[in-house]
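Trainee: Structure of the sequence below:
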Amino acid sequence: MSTKRIFFVATVAMLMSLTLPATAAFNEKDPAQTAASTTKNEIRGAQLLQRLHDIKATSKSELSRQEKKSLRKEVREIKKEMAVNNGGVYLSVGAIIIIILLLILIL
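Mentor: This is a model prediction of the structure:
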């Protein structure tokens with residue numbers, strides 16, 4: 001085996017040993033609490049969607065400039081809250097740097 005290959009295997013093993021305990025801690029959530037929070041998130045999401053439909057249905061020609069501005073601000077806040085509730089996959093800067101370094105080593 002070449003030195004480059006040994007270094008690569010050692011790096012991957014080290015990274016996996018660091019990340020596996022961290023991911024195991026995230027999976028230890030109480031199922032009852034998770035189900036309750038999911039239900040609350042679904043209800044809140046439905047309320048936010050209903051509010052967006054109400055805003056879209058209003059006649060904006062009758063509103064003043066300030067009212068239109070406040071509606072736009074409210075729509076932005078609702079969209080941000082919905083994005084937070086939906087979750088997603090987020091990568092930290094450190095994770096991105098490690099991925100890039102691994103890709104450089106592989107290629």
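
Trainee: can you tell me which helix in the protein is longest?
Mentor: Counting by DSSP state H, the longest helix found in the chain is helix 31-57.

Trainee: the inter-axis angle of the helix or strand following it versus helix 31-57?
Mentor: Later in the chain than helix 31-57, the nearest helix or strand by DSSP states H and E is helix 65-86. Angle between the axes of helix 65-86 and helix 31-57 is 150 degrees (criterion: axes from the mean of the first three to the mean of the last three C-alpha atoms, to 10 degrees).

Trainee: Could I get the buried residue list for helix 65-86?
Mentor: Within helix 65-86, the residues that count as buried by 16 or more other C-beta atoms under 10 Å are I78. To be clear about C-beta, it is placed using only N, CA and C from the backbone, and glycine gets the same treatment.

Trainee: Show residues contacting it.
Mentor: 41, 44-45, 48-49, 51-52, 55, 58, 60, 63 (C-beta atoms under 8 Å, 6 or more residues apart in numbering).

Trainee: Look up how far G45 lies from T39.
Mentor: 11 Å (C-beta to C-beta, to the nearest Å).

Trainee: okay, the two: which has more neighbours?
Mentor: G45 (14 against 10; other C-beta atoms under 10 Å).

Trainee: coming back round to it: any idea how far the longest helix of the chain is from the chain center?
Mentor: Relative to its chain's centre, helix 31-57 lies at 17 Å (C-alpha atoms, centre = their mean, to the nearest Å).

Trainee: And stretch 69-77, by the same measure?
Mentor: Worked out by C-alpha atoms, centre = their mean, stretch 69-77 lies 22 Å from the chain centre.

Trainee: Dump the C-alpha coordinates for it into CSV.
Mentor: Extracted C-alpha coordinates of stretch 69-77, given in CSV (Å, rounded to 0.1, in the frame of the first residue of the first chain):
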residue,chain,number,x,y,z
LYS,A,69,-45.2,46.7,3.5
SER,A,70,-46.4,45.0,6.7
LEU,A,71,-48.0,42.2,4.7
ARG,A,72,-44.8,41.6,2.7
LYS,A,73,-42.8,41.5,6.0
GLU,A,74,-45.3,39.0,7.5
VAL,A,75,-45.1,36.8,4.4
ARG,A,76,-41.3,36.7,4.7
GLU,A,77,-41.5,35.8,8.4
